[in-house]
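**Q** Quick check, what structure comes out for this input:
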Amino acid sequence: MSIFTQISTKIRNVFSKQQSPQLIGIALQQKSLTLCIIPPTDKAVSNELDPATETIFKKRDVDSSDFVSVMARLKNKYNLTYQCHLVLNSSQSQIVQVDKPNVPKAEIISALKWQIKDLVSIPPENMVLDYFDGPLLAGGIEKINVVCSPLNELKEIVAVLNAGSAIITSITIEEFAFANLLPRQNDACLLVCQQQNEEIVLLIVKQGKLYFQRRLRGFSQIASKTEDELSMTVIDNLALEIQRSSDYYERQLKQAPIKDIKVLLPIALEDFFARKLSENTHIPVTLLTMPDNYSEQRSYAAAIGATMYDARIAEQAQELMNAS
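**A** Sure, this is the predicted structure:
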């Protein structure tokens, strides 16, 4: 999913020049920024003498107030003139679930802005939002998940990239960037994902659709924990959150029990973490497999997942064609 569809569409309309086959993923974290530049997969358009055909991964430590200037420097250094997919961090976006408004589809966005104004900290006049439908709850209750961000902050970020010839194709959140990394499968999978210095997010994905998402608190510094600390407190607490989330998924959404958990954590003890979590939850836990050629770039997972936006849209379109 690309949130803030209207903004992305305007940007694409402004830059009508031929798009480059390279892809850029930029993931913003609380204290850093990760960048990936992925060259064209078609060797016919690759040029070994052109630096734009290199696969590049870069991380910059940066205060959140300095994102704009750092992105400007990166844009100039790496000549960012390609399709750009941006991932907002948790402080730049808020997610709330509300009853779906009983209005025509064209009026949902404007109705939601006032429906959620008391549930988020962003004033309606500075709010840009999008939404995605969730599964029906028990009893046929129809809910909608609303994602919102401060418009003034987004404008600054978009402006610095548009100052050159970058084409912002999508603006999304880490939940969808992570979900993009999971190959489509019929059975539900619970993902335990995290970016560096960010909180853990729990996701339940089934058949390419995000059924459940939850942002946890208190796990942002697990990379500094020892094996004993992970075993004694962290994993027990996380297992409890997983149980709560699984219970909601099974009881409220009337879904089959979760039988598969995958983790993607930027920590040295990731294998140990997965093994202990499996022992605690009594569910098989494995590491989330990164796309081909990127197994060593797990700390760039959100940026890589963002670049897979177009591929996932194509999959959905093909699905609709097959269904018809």
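**Q** Low-confidence regions, the stretch 101-250 of the chain specifically.
**A** Residues of the stretch 101-250 of the chain meeting the criterion pLDDT under 70: 138, 164-165.
**Q** Quick one: residues contacting the residue positioned nearest the centre of the chain.
**A** What sits nearest the mean C-alpha location of the chain, by C-alpha atoms, centre = their mean, is residue 174, with 2.3 Å. Neighbouring residues of residue 174 by C-beta atoms under 8 Å, 6 or more residues apart in numbering: 27, 87, 88, 89, 90, 193, 195, 198, 201, 302. Where you see a C-beta, it was placed from the backbone N, CA and C, and this is true even at glycine.
**Q** Backbone dihedrals for it, both of them.
**A** Dihedral angles of residue 174 (phi, psi; degrees, to the nearest 10) stand at phi -60, psi -30.
**Q** Make sure residue 150 is actually in contact with residue 127.
**A** Yes: counting by C-beta atoms under 8 Å, residue 150 touches residue 127, with 7.2 Å between them.
**Q** Are we agreed that residue 159 is in a helix?
**A** Yes: the assignment for residue 159 is a helix, going by DSSP: H, G, I helix; E, B strand; the rest coil.
**Q** That one - how many residues pack around it?
**A** The tally of other residues near residue 159 (other C-beta atoms under 10 Å) stands at 11.
**Q** for residue 283, same thing?
**A** Using other C-beta under 10 Å: residue 283 sits among 18 other residues.
**Q** still on that earlier bit, can you list the contacts of residue 174 in a markdown table and add secondary structure?
**A** Shown next, in a markdown table, are the contacts of residue 174 (three-state DSSP):
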| residue | secondary structure |
| --- | --- |
| 27 | strand |
| 87 | strand |
| 88 | strand |
| 89 | coil |
| 90 | coil |
| 193 | strand |
| 195 | coil |
| 198 | coil |
| 201 | strand |
| 302 | helix |
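**Q** Among these, the buried ones, what's the PyMOL command?
**A** Remark: buried members of those, expressed as a PyMOL selection using 16 or more other C-beta atoms under 10 Å:
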select buried, resi 27+87+88+89+90+193+195+198+201+302
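**Q** Which one of the contacts of residue 174 is nearest to residue 145?
**A** Closest to residue 145 out of those is residue 201 (13.5 Å), distances taken as C-beta to C-beta.
**Q** gap between the closest one and residue 306?
**A** Between residue 201 and residue 306 the distance is 15 Å, computed by C-beta to C-beta, to the nearest Å.
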